[in-house]
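Enquirer: Take a look and give me a structure for this.
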Amino acid sequence: QVQLVESGGGLVQAGGSLRLSCAASGTRFSIDVMGWYRQNPGKQRELVAYITSGGSTNYADSVKGRFAISGDNAKNTVYLQMNSLKPEDTAVYYCNAQGVRTIGTWGTQSFGSWGQGTQVTVSS
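Expert: Numbering: from 1, shown residues only. Prediction:
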């Protein structure tokens, strides 16, 4: 099992910044892509940004130019730097990782894991 632990959420005024971190732990796994999603009550979870193991990134249009995702492959950690925050960025932010685990001697199994979520609240 690959577990994700998030940190860095909190309360900030509009225009401020926050940095989220997400660290993956487990045994015998490799990660292909890590990303951040967000969700508000009664709404679907939406993609914010993701980064591949090769360093390619993708962002939701609503955060382009304000958020930056980065990763540390050696630490299996992904970061989300959020600048110029707006009240509409308020949500629970979830980390996601997808990759492959080694099972037994030769077996492999793809996985997808979610973090527990961290609240980001932006006041106007």
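Enquirer: Do a quick rundown of the strands in the protein.
Expert: For the chain, the strands defined by DSSP state E cover 3-7, 10-13, 18-25, 29-39, 46-52, 57-59, 67-72, 77-82, 91-103, 107-114, 118-123.
Enquirer: Counting by contacts, list what the third one packs against.
Expert: What it means is strand 18-25. On a contact count with 3 or more CB pairs under 8 Å, 6 or more residues apart in numbering; DSSP states H and E, strand 18-25 meets strand 3-7, strand 29-39, strand 77-82, strand 91-103, strand 118-123. C-beta coordinates here come from the backbone N, C-alpha and C atoms, glycine included.
Enquirer: in its sheet, what does it sit against?
Expert: Strand pairing for strand 18-25, using DSSP bridges, gives strand 3-7 (antiparallel), strand 77-82 (antiparallel).
Enquirer: Out of the ones you listed, the one nearest Q109 is which?
Expert: Closest of the strands paired with strand 18-25 to Q109 is strand 3-7, at 15.6 Å (criterion: CB to CB).
Enquirer: Among the helices and strands packed on strand 18-25, show me which one is buried the most.
Expert: strand 77-82 (a mean of 22; mean count of other CB atoms under 10 Å).
Enquirer: Contacts made by it with the rest, please.
Expert: Applying CB atoms under 8 Å, 6 or more residues apart in numbering, the external contacts of strand 77-82 come out as 17-24, 34-36, 48-49, 51, 63, 66-72, 89, 93, 95, 97, 120.
Enquirer: now it: mean pLDDT?
Expert: When pLDDT is averaged along strand 77-82, the result is 98.
Enquirer: what distance separates that strand from the middle of the whole chain?
Expert: Here strand 77-82 is found 7 Å from its chain centre; the criterion is CA atoms, centre = their mean, to the nearest Å.
Enquirer: Please apply the same query to stretch 60-75.
Expert: Offset of stretch 60-75 from its chain centre (CA atoms, centre = their mean): 8 Å.
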